[in-house]
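*Asks:* take this sequence and fold it.
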Amino acid sequence: MQNSSKTSYNVIIVGAGAAGLIAAITAARNGNTVLLLEKLSKIAAKLKATGGGRCNLTNTLSNEDFMGRFGRDGRFMTPALSSFDHKALMAFFAEIGVESHAPDGYRVFPVSHSSVSIITALEEEMARLGITVECSARVERLEYNGERVSGVSTKSQTYSAPNVILATGGLGYPQLGAEGDGFTIASAVGHKITELYPAMMPLRTQERWGAACRADTIPKVQIRVDHPKGKNIRAHGDLIFTQNGIRGPVVLDVSREITPLIEKYGSVPLLINMTKGMNEEQLRTHIKNQIYKNPEQSTLTHIMTLLPESVARELSLLADANPDEGFNKLEGIQRDKLLKLLAWTPLTVIGHDGFKMAMITRGGVSLKEIRPETMESKVLRGLYFCGEVMNLDGPCGGYNLQWSFSSGYVAGCLGTNPIHSY
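*Replies:* Numbers count the residues shown, from 1 in each chain. Below you'll find the predicted structure:
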């Protein structure tokens with residue numbers, strides 16, 4: 001990387017996150033002079049924190065399945081993934097000295113399991129390519145002549161370029177500099193910004209019994225929204241109770257769908273299966289088998305074959321069932337209520353902590369105003385978008401980072417379609 005007094009370039013990239021870094025490298029590899037502007041004092045702050053610092057780069061799903069996890073707008077990614085999918089991403093990093101692997105066959109990490117190795121390799125490649133990097137340089141507006149972009153202006157300097165790539169991210173991780181600058185910049189030149197919601201975050205619930213279960217992580221939980229406007233919203237994964245709600249991978253996944261519903265309806269009812277998908281009859285059979293093996297043991301002990309003690313106790317109490325009594329000694333209505341709660345435990349989401357706890361943003365620059373083949377604006381020629389600034393977000397598991405890299409790669413091609421070597 002290098003600094004320079006030069007003010008004219010072929011390409012200017014605004015934002016030095018995952019999308020911006022790969023856009024810069026791609027553009028430079030195609031023979032362009034490139035300026036990368038970052039408002040923070042260092043590049044890749046959010047990338048460094050990704051996956052708890054382990055950097056879940058992508059996953060091994062097919063492109064079709066990958067797009068399906070983004071919902072109805074996922075098809076927008078078709079050209080980008082065709083050009084730069086998870087295999088191309090892994091090959092790219094191998095080329096610049098970072099080997100990656102999928103230890104669970106699904107999630108892909110650098111072998112080092114450290115985001116620092118990713119960032120160092122990207123920095124070294126940018127230095128090799130002669131990319132100019134200016135940190136502590138906040139872009140305030142786009143410059144444009146007629147229908148084409150002509151550069152950008154910071155508080156102290158105007159830089160000219162016929163191509164500008166906005167890779168500013170969204171509002172997630174505000175402690176790492178996210179302020180939604182790109183939305184303001186894009187809106188000022190006529191782009192529509194969809195409604196913005198915090199996503200991938202803990203949720204607050206009306207019920208408080210979960211506070212007694214905070215010490216335990218419940219694996220393989222199923223969550224579904226029990227609301228007419230969200231009947232198809234479902235998620236699977238590990239669940240953790242908090243003092244005032246729920247968190248964990250399954251909550252991060254489902255929260256991106258729930259926050260817009262909270263905004264509209266105030267509360268969102270959920271049904272949660274914490275017993276590995278068992279229904280009421282399967283649960284009844286399971287407990288009968290436990291009673292047959294250990295007839296003297298308590299209801300709590302039988303349920304603890306399925307759930308941690310804290311959760312087993314709380315659900316028993318919710319069913320008005322004495323957890324220390326034998327299951328067969330409970331009244332029939334208590335047994336039925338307990339089995340129902342074990343199959344689908346109701347919780348009511350009533351809020352969240354806003355963008356300060358959100359990892360990503362749901363919403364952004366309207367996809368209708370972006371060409372999926374090139375990431376170029378339909379509003380202003382020479383303006384490109386990549387990453388979280390666009391209205392496209394996915395669940396946990398490397399989805400959003402892969403999308404940042406794929407869209408960044410395509411944006412960096414500047415409307416061409418070079419054959420990459422990956």
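*Asks:* setting aside sequence neighbours, what's the nearest residue to residue 254?
*Replies:* residue 235 (3.9 Å; Cβ to Cβ, 6 or more residues apart in numbering). (Glycine included, C-beta is placed from N, CA and C.)
*Asks:* by contact count, what packs against the helix or strand hosting residue 116?
*Replies:* For residue 116, the element it lies in under DSSP states H and E is helix 115-129. Contacts defined by 3 or more Cβ pairs under 8 Å, 6 or more residues apart in numbering; DSSP states H and E place helix 115-129 against helix 18-29, helix 45-49.
*Asks:* contacts for the last one, please.
*Replies:* Applying Cβ atoms under 8 Å, 6 or more residues apart in numbering, the set of residues contacting helix 45-49 from outside is 17-18, 21, 55, 115-116, 118-119, 169, 172-173, 176-178, 401.
*Asks:* of those residues, select the buried ones using a PyMOL command.
*Replies:* The PyMOL selection below is limited to those of the contacts of helix 45-49 classed as buried (16 or more other Cβ atoms under 10 Å):
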select buried, resi 17+18+21+55+115+118+119+169+172+173+177+178+401
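*Asks:* just the closest of the contacts of helix 45-49 to residue 156, please.
*Replies:* The nearest member of the contacts of helix 45-49 to residue 156, counting by Cβ to Cβ, is residue 177 at 18.9 Å.
*Asks:* skip the chain neighbours and tell me the closest residue to the closest one.
*Replies:* Spatial nearest neighbour of residue 177, chain neighbours left out: residue 40 (4.7 Å); criterion: Cβ to Cβ, 6+ apart.
*Asks:* tell me what the next helix-or-strand element following the helix holding residue 116 is packed against?
*Replies:* Using DSSP H and E, the helix or strand that follows helix 115-129 in sequence is strand 132-134. Helices and strands touching strand 132-134, by 3+ Cβ pairs under 8 Å, 6+ apart, are strand 34-37.
*Asks:* which strands and helices sit next to the strand it packs on?
*Replies:* Counting by 3+ Cβ pairs under 8 Å, 6+ apart, the packing neighbours recorded for strand 34-37 are strand 11-14, helix 18-29, strand 132-134.
*Asks:* tell me which other helices or strands whichever helix or strand comes after the shortest one touches.
*Replies:* It stands for strand 132-134. Next along the chain after strand 132-134, taking DSSP H and E as the criterion, comes strand 139-145. On a contact count with 3+ Cβ pairs under 8 Å, 6+ apart, strand 139-145 meets strand 148-154, helix 181-188.
*Asks:* make TSV from the ones you listed and add mean pLDDT and distance to residue 74 to it.
*Replies:* Formatted as TSV, those follow (pLDDT from 0 to 100; distance: least, Cβ to Cβ, whole Å):
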stretch	mean pLDDT	distance to residue 74
strand 148-154	98	28
helix 181-188	97	21
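*Asks:* which residues of the chain fall in helices?
*Replies:* For the chain, the helices defined by DSSP state H occupy 18-29, 45-49, 63-68, 78-83, 86-95, 115-129, 181-188, 249-265, 280-293, 299-303, 309-318, 332-343, 399-412.
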